[in-house]
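Peer 1: here is my input, please return the structure:
(2 chains)
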Amino acid sequence: MSLRVRFAPSPTGYLHIGAARSALFNWLYAQKTGGKFLLRIEDTDLQRSTEESTVSIIEGLKWLGLDFEEEMVFQSANAAKHRAAANKLVTEGKAYRDFTPKRERDDATVKQGVADRARAHAMEGVDARSNPYRDVSKDESDQRAAAGEPFAVRLKIPREGKTRFEDIVYGVQDRDYSEIEDLVLLRSDGHPLYNLSVVIDDIDMGITHVIRGQDHLTNTHKQILLYGALGAEVPRFAHLPLILAPNKGKLSKRKHGEVVSLTTYRDRGFIPAAFRNFLALLGWAPPDGKEILSVDELVEQFSLEAIHRSPAVFNFQENDPRHWTDEKALWMNAEYVRNMPVEELLPMVKAELRANKLWREEYDDNDRAWFVKTLDLIRQRYHTLKDFSEQGRAYFSDDFDFDEAAVNKNLRKDPRLRELLPALADRLEELETFTAETAEAALRKLAEESEVKAGLLINGSRTMLTGQAVGPSMFEVFDILGQKRSVERSRSGVPWF
RNA sequence: GGCGCAUUGGUGUAGUUGGUUAACACGCUGCCCUCUCAAGGCAGAGAUCACGGGUUCGAGCCCCGUAUGCGCUACCA
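Peer 2: Alright, predicted model coming up:
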């Protein structure tokens, strides 16, 4: 059978960048090997799963360009099958009914509770095979079940032995059975549990390679036991190093908020290809060390063997808007904004402008040449798509804001500009052919005659015409804005008031 | 507590079977370019390769221990 991988997120919130990376690596591996990339929504936790989340996951994958094949699978739809499988294991004697009353756990303190219980068991010398219901006779078990007594179903793990598998990333992994409790397959309310569901679904979907986060590394042993009990072939595993927060702690949705959400990057103007490129470099590096890689190059160079084992720190500074996410991601995005083919950038800028009511249909036909030229000029110093509607607003609308600092620095500082700028407007208006060159000549001539430095007029114009202190070469800006707008804005005097 | 995994400049990563001054990218500093800001070019700061032992003529690479971090240890996923 050909190679099949899957991405199996649980729909309990937006798509986490760590999950997105798992999806990417699965997808890359499928492309690389000619295999299939499948999607399964693990919504067995009905309480926490939401439809919005499922939608956002699908949108996120689409945004990153990670198309999945075949029908997506909803794990909850297979619950009956999972239950049946567990019951079959009971009949075969590979699992047993546990009539121990369920002990409720407070969700907030589970981690601690689990650790405490484990510690207590270790101290009291309780072994993992001590469950009294392990060896209850089948008749008695059947009777109690028939009498309506509630029970959970647990897998019967042998007393002696160990599981072993070779992880493609982490190497050979051993675990003694004594370290694994008889795992619960079915809750007392009949609800199938995670480890059972993944294994059965992976078998059903014919998954040959399981590529997922390192947090599942030790779970894998339990799952291997399950594959054995179910008589199925064990797939290959590749676990991915985790992505950590700057303090090297867990990067969580709860603690770190939107910076871990993939949609944030879309909403803040990232280019999908750029973010995908950045994500690929977390825990993996191409053999030739080149970092800006197209999808095709990514696919071509990718290999599971080159993934390394230490966790990656996602470097950002909370409470600092300038460093709201990893600097390298920001740099990479700017790199894409600057260098990608304009035709590919254009639709993205169009969407951005449209969302801000700055888009005009002429940009698509009559003014297309102007639009492309403008993009090419201004994108050189932009970092995200947002910049086109914010910093770039003055190129697409006469209704733009003046930056206070810029006005102070480039206009108010020298009162002569109150006269010089309108004078410049006159000169520009007189030009018969209006280009960057003629505008420059006119400006320099005026500067010379007025005995001021050209820079004074140039910087003053920049703020007067674009509201900003920074931007492209001013003569190019005159050209882009055109004679009419250049003249009007130079003359307006708006920022003086 | 037990088990597992990890540990190369601030961050992401390279470092072939152990062999001269530990490489690249982001970020940072300075200079050049220049009408500003970027970009670009040049130069530079920053790592006793977590720590301690050991093996070896020689270790970031091998072995042991320690520390720290993370993960798992649930009738969560």
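
Peer 1: so which residues of chain A form strands?
Peer 2: Remark: strands assigned in chain A by DSSP state E are A:4-7, A:36-41, A:73-74, A:95-98, A:152-155, A:162-167, A:171-176, A:184-186, A:209-213, A:236-240, A:243-244, A:312-313.

Peer 1: as CSV, these with distance to RNA strand B, mean pLDDT and mean neighbour count would be great.
Peer 2: C-beta: built from backbone N, CA, C; applies to glycine. Converted to CSV, the strands of chain A look like this (distance: least, Cβ to the nearest atom of the strand, whole Å; pLDDT from 0 to 100; neighbours: other Cβ atoms under 10 Å):
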stretch, distance to RNA strand B, mean pLDDT, mean neighbour count
strand A:4-7, 13, 97, 24
strand A:36-41, 9, 97, 21
strand A:73-74, 11, 96, 18
strand A:95-98, 6, 96, 24
strand A:152-155, 4, 96, 23
strand A:162-167, 8, 91, 15
strand A:171-176, 6, 89, 12
strand A:184-186, 4, 95, 25
strand A:209-213, 8, 96, 21
strand A:236-240, 8, 95, 22
strand A:243-244, 6, 93, 20
strand A:312-313, 3, 93, 18
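
Peer 1: quick check: domain ranges of chain A?
Peer 2: Split into domains by automatic domain parsing, chain A comes to A:4-73+A:195-242, A:81-186, A:404-496.

Peer 1: re the thing from before, tell me which of the strands of chain A sits nearest to residue A:290.
Peer 2: Among those, strand A:312-313 comes nearest to residue A:290, with 18.7 Å by Cβ to Cβ.

Peer 1: low-confidence ranges, chain A, go.
Peer 2: Applying pLDDT under 70 to chain A flags the ranges A:1, A:105-108, A:495-497.

Peer 1: ok so, going back, the strands of chain A into TSV, with extra columns for distance to residue A:141?
Peer 2: Shown next, in TSV, are these (distance: least, Cβ to Cβ, whole Å):
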stretch	distance to residue A:141
strand A:4-7	35
strand A:36-41	33
strand A:73-74	32
strand A:95-98	5
strand A:152-155	11
strand A:162-167	26
strand A:171-176	28
strand A:184-186	14
strand A:209-213	33
strand A:236-240	34
strand A:243-244	45
strand A:312-313	48
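
Peer 1: circling back to that earlier point, pick the most deeply packed of the domains of chain A.
Peer 2: Stretch with highest mean neighbour count among these: domain A:4-73+A:195-242 (a mean of 19; mean count of other Cβ atoms under 10 Å).

Peer 1: for it, how far is the first residue from the last?
Peer 2: 23 Å (Cα to Cα, to the nearest Å).

Peer 1: next one: stretch A:189-197
Peer 2: Terminal residues of stretch A:189-197 lie 15 Å apart, using Cα to Cα.

Peer 1: stretch A:295-308 and RNA strand B, are they touching?
Peer 2: Yes: using Cβ under 7 Å from any atom of the strand, stretch A:295-308 comes into contact with RNA strand B via A:306, A:308.

Peer 1: how about that stretch: buried residues?
Peer 2: The neighbour-count check on stretch A:295-308 (16 or more other Cβ atoms under 10 Å) flags A:295, A:298-299, A:301-302, A:304, A:307 as buried.

Peer 1: which ones among those map onto helices?
Peer 2: Among those, DSSP state H puts A:295, A:298-299, A:301 in helices.

Peer 1: ok, so of those, who is nearest RNA strand B?
Peer 2: The nearest member of those to RNA strand B, counting by Cβ to the nearest atom of the strand, is residue A:301 at 11.7 Å.
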